[in-house]
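A.B. asks: this one's sequence-less:
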């Protein structure tokens, strides 16, 4: 299982700040596709992604026990 963390508006869209997903062996890109279809998270395309607290690319392959964080862009004033 992969632990997935959502921040800001992604938490609201997913209905939870964390979920567990069976994604061992999937790439981050494949995980994103799975989450978009399961949770209607269309804004994932604009989010930064970290795996085990390190920013990662979409071709990163996930392993059981990984923690993936989706962090939307921050704006302020």
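C.D. replies: Thanks, I have the structure now. Every value quoted in this text rests on a predicted model; they were computed, and no experiment measured them.
A.B. asks: Which parts of the chain are strands?
C.D. replies: Ranges of strands in the chain, per DSSP state E, are 2-6, 18-21, 48-51, 54-55, 67-71.
A.B. asks: Nearest approach to residue 29 belongs to which of those strands?
C.D. replies: strand 48-51 (9.5 Å; CB to CB). Using the backbone N, CA and C atoms, a C-beta is placed for each residue, glycine as well.
A.B. asks: Pull out the buried positions in the closest one.
C.D. replies: For strand 48-51, burial by neighbour count (16 or more other CB atoms under 10 Å) applies to 49, 50, 51.
A.B. asks: ok now do the closest residue to residue 68 other than its chain neighbours, which residues does it touch?
C.D. replies: Ranked by CB to CB, 6 or more residues apart in numbering and with sequence neighbours excluded, the top spatial neighbour of residue 68 is residue 4, at 5.0 Å. Residues near residue 4 by CB atoms under 8 Å, 6 or more residues apart in numbering: 18, 19, 20, 21, 31, 35, 67, 68, 69, 70.
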